[in-house]
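>>> coords below, sequence missing:
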């Protein structure tokens, strides 16, 4: 039997493949779905994105930690990844905003990681075999075969209901910047901090609600629009979010969803969802707007997708709808738009944290939808 070398670290996949390296961050053991992120930048935003809850993330960029960790860029109050895999950690963190090294931050938050030379081989393996469960073990005493069995006994991402685990426990408000134009009810399924900030920049007072908020809770705010955030887990388990959104749609309020919110809108329209082979994660995914042909480079973090007809409008309980955006790498559905109702969604992250900014205009589209006098109540003193 192959035995992991004592004093080192090992990453073990559920199919038995092992990668050896050195501990990076906290020591111990951790389990999660093994995924890879292709972003060349934005590691701090990746680590603190709640959508990565219960995932071990491998970075394909070879050098990680160069700019250290600051207190301005986190997307939530903590690191959410289950484990972290890098090729070569930065020896020195150098940036005027840096407060500490990435290694120090990982250790402080108890995130087990590994630095190893095989990140390219790992990524190729996942692209060929698909995302799978994994474990990171520092100074393991057991044979790799026993570690692989522990990995296979860990929870699967399929069937995992995780949105409530990362959502806010209590509602809170992000005030509008300057004059208030709209009231937005944002359902936190794993929201990133930059998302309500982008809406606040556009005059939205954003009321962030827990993942379990009902339609009655949402409509009690008399919102001009309702936003459904990104988040982790299998959308097939989030019946509570689908039920709440159905009530919002019945009430005729404008709706905008991103990532997990796109999948919830799809389910509310009667569509199914499915697990992608290895998902889309990074800040360099090409997405085409089918109405205009324009291609945006966009930020992604999703392992599930909506199954919808690509060949034109289809009927839903809320009128006709269409696939508005597709991923040019694999033709995955990247957006939905209702044609007879004020609602749309995308499968990616327009808040641009960290970058790119191509899709930031989607927040303007949401504001334009809320400003239509036939679909929303005007904000006080607003002329539309």
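Structure's in. What do you need? All of these numbers come straight from a predicted model, not from anything done at the bench.
>>> I'd guessed residue 172 sits against residue 205; true?
No - Residue 172 lies out of contact with residue 205 (CB atoms under 8 Å); the separation is 11.6 Å. To be clear about C-beta, it is placed using only N, CA and C from the backbone, and glycine gets the same treatment.
>>> between these two, who's got more neighbours?
residue 205 (21 against 12; other CB atoms under 10 Å).
>>> the more buried one contacts residue 180, doesn't it?
Yes - applying CB under 8 Å as the test, residue 205 and residue 180 come out as touching, 5.1 Å apart.
>>> mind listing the helices for the stretch 151-300 of the chain?
Taking DSSP state H, counting those that start in this stretch to define them, one finds helices in the stretch 151-300 of the chain at 163-166, 194-201, 215-219, 239-251, 260-268.
>>> which residues in the stretch 1-150 of the chain form helices?
Under DSSP H, counting those that start in this stretch, the stretch 1-150 of the chain gives helices at 43-47, 102-108, 119-129, 144-152.
>>> deepest in the core, which of these is it.
helix 43-47 (a mean of 24; mean count of other CB atoms under 10 Å).
>>> who's in contact with residue 106?
Applying CB atoms under 8 Å, 6 or more residues apart in numbering to residue 106 gives the contacts 24, 25, 26, 79, 84, 113.
>>> can we see that at 10 Å?
With contacts defined as CB atoms under 10 Å, 6 or more residues apart in numbering, residue 106 is in contact with 23-26, 47, 65, 69, 79, 81, 83-84, 86, 89, 112-113.
>>> let me know the pLDDT of it.
Residue 106 carries a pLDDT score of 98 in this model.
>>> where does the stretch 1-150 of the chain have low pLDDT?
Low-confidence segments of the stretch 1-150 of the chain, defined by pLDDT under 70, span residues 1-7.
>>> try 90 this time
Residues of the stretch 1-150 of the chain meeting the criterion pLDDT under 90: 1-7, 39-41, 139, 141.
>>> any chance you could map the strands in it?
In the stretch 1-150 of the chain, the strands defined using DSSP state E, counting those that start in this stretch lie at 9-13, 18-23, 29-37, 55-59, 63-64, 83-86, 88-89, 112-115, 132-138.
>>> pull up the pairing partners for the fifth one, direction included.
Just to be clear, that refers to strand 63-64. In its sheet, strand 63-64 lies beside strand 88-89 (parallel), with partners assigned from DSSP bridges.
>>> and for the longest one?
According to DSSP bridges, the neighbouring strands of strand 29-37, each with its direction, are strand 55-59 (parallel), strand 132-138 (antiparallel).
>>> can you lay out these as JSON lines showing distance to residue 191 and mean neighbour count?
Putting those into JSON lines (distance: least, CB to CB, whole Å; neighbours: other CB atoms under 10 Å) gives the following:
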{"stretch": "strand 55-59", "distance to residue 191": "17", "mean neighbour count": "26"}
{"stretch": "strand 132-138", "distance to residue 191": "26", "mean neighbour count": "26"}
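>>> of these, which is nearest residue 107?
Of all the strands paired with strand 29-37, strand 132-138 sits nearest to residue 107, with 11.4 Å by CB to CB.
>>> before we move on, back to that, residue 126 is nearest to which of the strands of the stretch 1-150 of the chain?
strand 29-37 (6.0 Å).
>>> relative orientation of that closest one and helix 144-152 in degrees?
80 degrees (axes from the mean of the first three to the mean of the last three CA atoms, to 10 degrees).
>>> residues touching the closest residue to residue 69 other than its chain neighbours, list them.
Residue nearest to residue 69 in three dimensions, not counting chain neighbours: residue 105, with 4.4 Å by CB to CB, 6 or more residues apart in numbering. Shown in contact with residue 105 (CB under 10 Å, 6+ apart): 25, 44, 47, 48, 65, 68, 69, 74, 79, 99, 111.
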